[in-house]
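Novice: got a sequence here, can you model it:
(one chain, ligands or ions: 1)
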Amino acid sequence: MRALVTGCAGFIGSNLTDRLLAEGHEVIGMERFSNYYSRELKERNIASARQSPSFTLVEADIAEMEEFPDVDVVFHLSAQAGVRASWGKSFDVYTRDNIQATQRLLEFYKDRKLKKFVYSSTSSVYGDSELPFREDRMLRPISPYGVSKLAAENLCYLYWKNYGLPTVALRYFTVYGPRQRPDMGINRFANAILKGDPITIYGDGEQTRDFTYVDDVVRANILAAQSGVSGEAFNIAGGKRISVNDLIALIAEKAGRPAEVEHVGKEKGDAAHTLADASKAERMLGWTAAVGIEEGVERSVEWFKQLL
Ligand SMILES: NC(=O)c1ccc[n+]([C@@H]2O[C@H](COP(=O)([O-])OP(=O)(O)OC[C@H]3O[C@@H](n4cnc5c(N)ncnc54)[C@H](O)[C@@H]3O)[C@@H](O)[C@H]2O)c1
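Specialist: Numbers count the residues shown, from 1 in each chain. I've put the predicted structure just below:
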């Protein structure tokens, strides 16, 4: 297949790009190297892809574009991520990179013969919903980030409903693994433990998260692209939850070093708990998580060690 991967130099986008290239597909990567974290890290993420003759990098800002490449499948991962930074004036970036950019892509591809448009959504669309989160639950995000991602998910749905554009939304639950963004928990915790620095936790650490290993997310994207399903949203999640305190203990065990923890106040917009019912993805896409938290944390710690 010839695929467009938006946000190809980001954490999940670069992992997906490498997988698609390894499977013999052609990838056009679109990326604006936003300053949320360093360009140096993103360049490292796509260093191997750049060696491939099947990869083309287009440095561009999707929110400002009206023409896009002719492809079979769009994997739309570009976004302004992060719950905590989405308050106040910086919400402008979220509306632009998450909502406007998605609308630009959908508007262009609505009359083209796309096989699939796979949108990267998030568990943040559920807010503090009853556990486990199921796709048919009322969606009430509790962060501006969640609102922007849900708005874009709704846009994907309505372009399917009105124009028959074959969109699918994948709601990821806290993704981790090699190249994880520097603002995310496991990256921050593993780095601090490996360097002997203190870890700052928001709240008492008893909040729980359903974690998903990045290779599983990549596989979900490829299965969604190949499936005959459109107009649907799917939870993509490990399917088990672990508290932040237990997660830190697990990272410390795998790193073979103690963790020094400092607690600060709870952050607005953070869900208290997340846990997915991922049976719809199993039923309709044939997807289940393959990597459990023990194995995933071990692989992640090994990767973070190499970067020290
Ligand atoms: N990481 C997670 O745990 C998680 C969980 C749920 C959903 N998601 C979603 O998955 C996707 C990827 O997340 P990630 O963690 O890899 O984030 P990331 O920040 O590492 O990658 C996103 C990339 O998109 C690029 N980008 C942003 N705006 C752009 C624009 N207007 N034009 C071109 N490029 C642009 C950024 O420069 C960045 O490299 C996002 O849509 C995010 O909302 C991530």
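Novice: what does this structure have sitting close to the ligand?
Specialist: 6-7, 9-13, 30-34, 36, 42, 61-63, 77-81, 97, 101, 120, 122, 149, 172, 174-175, 181 (C-beta under 6 Å from any ligand atom). C-beta here means a position set from N, CA and C on the backbone, and glycine is covered the same way.
Novice: from the residues you listed, which ones fall inside strands?
Specialist: The strands, defined by DSSP state E, take in T6, M30, E31, S120, T122, Y172, V175 from those.
Novice: tell me the bridge partners for T167.
Specialist: F117 (DSSP bridges).
Novice: ditto for L4
Specialist: In this entry, L4 is beta-bridged to I28, V74, by DSSP bridges.
Novice: and it, what does it touch?
Specialist: Applying C-beta atoms under 8 Å, 6 or more residues apart in numbering to L4 gives the contacts V27, I28, G29, M30, F68, P69, V71, V73, V74, F75.
Novice: narrow those to those that are buried.
Specialist: The neighbour count (16 or more other C-beta atoms under 10 Å) marks V27, I28, G29, M30, F68, V71, V73, V74, F75 as buried among the contacts of L4.
Novice: contacts only, for the residue nearest to E232 when sequence neighbours are not counted.
Specialist: Once flanking residues are discounted, E232 sits nearest to V168: 5.9 Å by C-beta to C-beta, 6 or more residues apart in numbering. By C-beta under 8 Å, 6+ apart, V168 lies in contact with 116-119, 156, 224, 227, 229-234.
Novice: what is the nearest of those to the ligand?
Specialist: Of all the contacts of V168, Y119 has the smallest distance to the ligand: 8.1 Å, by C-beta to the nearest ligand atom.
Novice: tell me the secondary structure of the residue nearest to G196 when sequence neighbours are not counted, please.
Specialist: Nearest non-adjacent residue to G196, counting by C-beta to C-beta, 6+ apart: R257, 7.1 Å away. Here R257 is recorded as coil under DSSP: H, G, I helix; E, B strand; the rest coil.
Novice: can you map out the helices along this structure?
Specialist: With DSSP state H as the definition, the chain shows helices at residue ranges 11-22, 39-45, 47-50, 91-94, 101-109, 144-163, 185-195, 214-226, 244-255, 279-285, 293-307.
Novice: point out the most buried one among those helices.
Specialist: Burial of the helices of the chain is given as mean neighbour count (mean count of other C-beta atoms under 10 Å); helix 11-22 ranks first at a mean of 24.
Novice: from the rest of the structure, what touches that helix?
Specialist: So helix 11-22 is contacted by 1, 3, 5-8, 27, 29, 31, 42, 45-46, 48-49, 52, 54-55, 75, 77-78, 120, 172, 175, 177-181, 184, 214-215, 217-219, 221-222 (C-beta under 8 Å, 6+ apart).
Novice: okay, the angle between that helix and helix 185-195?
Specialist: 100 degrees (axes from the mean of the first three to the mean of the last three C-alpha atoms, to 10 degrees).
Novice: please compute how far helix 11-22 lies from its chain's middle.
Specialist: Put simply, helix 11-22 sits 12 Å off its chain's centre (C-alpha atoms, centre = their mean, to the nearest Å).
Novice: in this structure, which residue sits nearest the ligand?
Specialist: G10 (2.0 Å).
Novice: how many neighbouring residues does that residue have?
Specialist: 28 (other C-beta atoms under 10 Å).
Novice: extract the C-alpha trace of stretch 47-55 and format it as PDB.
Specialist: Below are the C-alpha coordinates for stretch 47-55, written out as PDB (Å, rounded to 0.1, in the frame of the first residue of the first chain):
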ATOM      1  CA  ALA A  47      16.700   8.400  11.100                       C
ATOM      2  CA  SER A  48      16.200   4.700  10.000                       C
ATOM      3  CA  ALA A  49      13.100   5.500   7.800                       C
ATOM      4  CA  ARG A  50      15.100   8.200   6.000                       C
ATOM      5  CA  GLN A  51      17.500   5.500   4.800                       C
ATOM      6  CA  SER A  52      14.700   3.700   3.000                       C
ATOM      7  CA  PRO A  53      14.000   4.500  -0.700                       C
ATOM      8  CA  SER A  54      10.300   3.800   0.100                       C
ATOM      9  CA  PHE A  55      10.100   6.700   2.500                       C
END
